[in-house]
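S.K.: requesting a structural model of the entry that follows:
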Amino acid sequence: VGDGHVVETAGDGWQAIRRMKESRFDIAIIDLDLPAVRGVAVNGWDLARISRAYNPRISIIMIGSETATAVKAQLEVLKVSEFLEKPISPAHLKTLVRRLDS
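M.R.: Predicted coordinates for the structure are as follows:
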């Protein structure tokens, strides 16, 4: 818990999907480089689509090793609020969460 936010984490895409089904979130921070589970890959793009299906108003912050220009079209299609290129600054992420939560 930081800045009055309740934070939940998921170790993989399947855990994230389960949490989204069980709870309502205002902001999702999604890594594009999610590991496969039991041989089935659920990548960050999949998770963003599923997040939108459960909560069309959710703010999404995507994190990836690509540049924003390389993934710009996909970011626009999924209406991603922000994209952060790795390595990320925790202070910058905190600032984004504050801005999106206001």
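S.K.: ok, the nearest residue to residue 49 once chain neighbours are set aside to residue 32 distance?
M.R.: Once flanking residues are discounted, residue 49 sits nearest to residue 78: 6.6 Å by CB to CB, 6 or more residues apart in numbering. In this view, the C-beta of every residue, glycine as well, is placed from N, C-alpha and C. Residue 78 sits 11 Å away from residue 32, taking CB to CB, to the nearest Å as the criterion.
S.K.: what touches both of the two?
M.R.: Common neighbours of residue 78 and residue 32, counting by CB atoms under 8 Å, 6 or more residues apart in numbering, are residue 45.
S.K.: which ones are touching the residue most central in space within the chain?
M.R.: For the chain, the residue nearest the mean C-alpha position is residue 30 (2.4 Å; CA atoms, centre = their mean). Residue 30 makes contacts with 16, 44, 47-48, 51, 60-63, as judged by CB under 8 Å, 6+ apart.
S.K.: so which of those residues sit within helices?
M.R.: Those of the contacts of residue 30 mapping onto helices are 16, 44, 47-48, 51, per DSSP state H.
S.K.: ok, and the closest non-adjacent residue to residue 42?
M.R.: residue 13 is the one closest to residue 42 (CB to CB, 6+ apart), at 3.1 Å.
S.K.: correct me if wrong: the one you found contacts residue 48.
M.R.: No: if you go by CB atoms under 8 Å, residue 13 and residue 48 don't touch, sitting 10.6 Å apart.
S.K.: would you check how far apart the nearest residue to residue 31 once chain neighbours are set aside and residue 20 are?
M.R.: Among residues not flanking residue 31 along the chain, residue 63 sits closest, at 4.9 Å (CB to CB, 6+ apart). Note on residue 63: its distance to residue 20, by CB to CB, is 17 Å.
S.K.: next: residue 73.
M.R.: Taking CB to CB, one finds residue 73 at 24 Å from residue 20.
S.K.: and those two? Which one has more around it.
M.R.: The neighbour comparison of residue 73 against residue 20 (other CB atoms under 10 Å) goes to residue 20, with 20 against 9.
S.K.: quick check: buried residues in stretch 82-95?
M.R.: Neighbour counts over stretch 82-95 (16 or more other CB atoms under 10 Å) mark 82-84 as buried.
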